[in-house]
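>>> Provide a 3D model corresponding to the input given below.
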Amino acid sequence: MKPRHLLTGGALACACATVLFFQQRHDRDELLRRASMAEPLSTERQGPASAPEPTFPARLREARVEVPVPSPVAPEPVASTPEPAAATPKAGGTPAPSSASTEEVRQRLEAYFGDEPFDTAWARSAERQAKDGVRAALPDPSQLRSIECRASLCRIETEHGDNEQSFNFVRTAFMAPERQVWNAAFVTVRGVDSTDNKVVTITYLAREGVELPMERLLSPGGDDAQALQ
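Have a look, this model is predicted:
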């Protein structure tokens, strides 16, 4: 009896195992079938994919930043560059003058006027015109001392109360276009007889169109006769 019971029990166990295997396989196949049917259905329910929303460029917001402005500050003082010292003359040497002295110019002008030839016709007319122009330009209490003309040059001597009157007379009589005696070259020097109470001026007025030898009259040093040659 025992062997039969064993065989019967083994056969039942095998049958149960076979039924369980087929049942599990059937269940797995059913799950796969349902899954395959569910995927198309879910796709249909979702519908067509919506178009992506357009993206707009980000708008930059204006940012205002206040920067504190420093208060004005006075510039720092800058040391001035020292001027080069003037060259000192060597020991025992005498610096050369840049121009002739007033006395040298006065003597050269007297010599130049003394060497002038005479042009009687022009001289008489020039003296009358010069007297009228000088007297009209003289301030009070200035006065005309003398006027003498040659061929191309007139010598005019005047007396003034001070330097200011002398300067005003020279500007008015020989430089102001509306008051000048005539438009020509001239040289004015201080007379030797000037004092603290009076200023004597001697003006050499050239004939119109005639140039004075100013370079030779004002050249430094040398003999006066050679300077005027």
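>>> Tell me the span between the first and last residue of stretch 132-144.
11 Å (Cα to Cα, to the nearest Å).
>>> same thing with stretch 206-216?
Note: stretch 206-216 ends 16 Å apart using Cα to Cα.
>>> Please apply the same query to stretch 180-196.
28 Å.
>>> in that stretch, what's buried?
Of all the residues in stretch 180-196, those buried under the rule 16 or more other Cβ atoms under 10 Å are 180, 181, 184, 185, 186, 187, 188, 189. Glycine gets a C-beta too; all of them are placed from N, C-alpha and C.
>>> so of those residues, which ones are in strands?
Among the buried residues of stretch 180-196, the ones falling in strands (DSSP state E) are 186, 187, 188, 189.
>>> you'd agree the second one is up against residue 211?
No - Residue 187 lies out of contact with residue 211 (Cβ atoms under 8 Å); the separation is 11.6 Å.
>>> how about the strands in the chain?
Using DSSP E, strands in the chain cover 143-149, 153-160, 186-190, 199-206.
>>> and those strands, which is most packed in?
Of all these, strand 153-160 carries the top mean neighbour count, a mean of 22, counting by mean count of other Cβ atoms under 10 Å.
>>> contacting residues around stretch 148-156?
For stretch 148-156, contacts defined as Cβ atoms under 8 Å, 6 or more residues apart in numbering pick out 112-113, 116-119, 122-124, 126-127, 130, 134, 144, 146-147, 202-207, 210, 212.
>>> Give the residue spans of the chain that score low on pLDDT.
For the chain, the stretches flagged by pLDDT under 70 are 1-98, 221-229.
>>> the helices in it, which residues?
According to DSSP state H, the chain carries its helices in the segments 2-46, 102-114, 120-137, 163-174, 214-218, 224-227.
>>> how big is the angle separating the fourth one from helix 120-137?
The one in question is helix 163-174. Following axes from the mean of the first three to the mean of the last three Cα atoms, to 10 degrees, one obtains 130 degrees for the angle between helix 163-174 and helix 120-137.
>>> list the helices and strands helix 163-174 packs on?
Counting contacts by 3 or more Cβ pairs under 8 Å, 6 or more residues apart in numbering; DSSP states H and E, helix 163-174 packs against helix 120-137, strand 153-160, strand 186-190, strand 199-206.
>>> Take these and lay them out in CSV including distance to residue 100.
Shown next, in CSV, are the helices and strands packed on helix 163-174 (distance: least, Cβ to Cβ, whole Å):
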stretch, distance to residue 100
helix 120-137, 26
strand 153-160, 19
strand 186-190, 11
strand 199-206, 15
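>>> Any idea which of the ones you listed gets closest to residue 176?
Ranking the helices and strands packed on helix 163-174 by proximity to residue 176 (Cβ to Cβ) places helix 120-137 first, at 8.1 Å.
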